[in-house]
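S.K.: Output the structure for:
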Amino acid sequence: MKSAISILIILLLMVSVAFANFIFSDYEANPSNNNVLVEWVTKSESGVTAFIILKSNDDRVFREIGTVDAEGAGTNYSFTDDNDFS
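M.R.: Okay, the predicted model is just below:
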């Protein structure tokens with residue numbers, strides 16, 4: 001579970017740095033029951049239509065596990081990862 005949290009946080013950071021069209025002001029991922037709850041807030045968004053959530057079980061190959069529609073800067077976003085690593 002700890003690995004999944006790290007992967008999702010790292011992914012959010014990588015996307016923020018790689019694509020300067022949005023900036024995170026806060027983000028976190030926490031275990032919740034058998035899931036991981038990922039929450040973030042953007043400081044600015046420009047031309048962003050959605051956030052794609054990716055996951056990896058080997059830190060090399062990532063697969064899409066969901067999307068969250070963009071709603072504008074200052075929005076509190078969340079995504080619950082209830083998928084296993086299979």
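S.K.: Residue 34 and residue 51, how far apart?
M.R.: 23 Å (Cβ to Cβ, to the nearest Å). No exception for glycine: its C-beta is placed from N, CA and C like everyone else's.
S.K.: hang on, I meant residue 31
M.R.: 20 Å.
S.K.: if we can go back for a sec, residue 34 and residue 51: which has the busier surroundings?
M.R.: residue 51 (19 against 9; other Cβ atoms under 10 Å).
S.K.: Tell me who's in contact with the more buried one.
M.R.: Contacts for residue 51 (Cβ atoms under 8 Å, 6 or more residues apart in numbering) come out as 15, 67-68, 70, 77, 79.
S.K.: name the element it belongs to?
M.R.: Assigned by DSSP states H and E, residue 51 belongs to strand 50-56.
S.K.: Tell me which helix or strand comes right after that strand.
M.R.: From strand 50-56 onward toward the C-terminus, using DSSP H and E, the following helix or strand is strand 62-69.
S.K.: Which strands or helices does the following helix or strand past that next one pack on?
M.R.: Under the assignment DSSP H and E, the closest C-terminal helix or strand after strand 62-69 is strand 76-81. Contact partners of strand 76-81 among helices and strands, from 3 or more Cβ pairs under 8 Å, 6 or more residues apart in numbering; DSSP states H and E: strand 35-45, strand 50-56, strand 62-69.
S.K.: rerun at 10 Å
M.R.: Using 3 or more Cβ pairs under 10 Å, 6 or more residues apart in numbering; DSSP states H and E as the contact criterion, the neighbours of strand 76-81 among helices and strands are helix 2-18, strand 22-32, strand 35-45, strand 50-56, strand 62-69.
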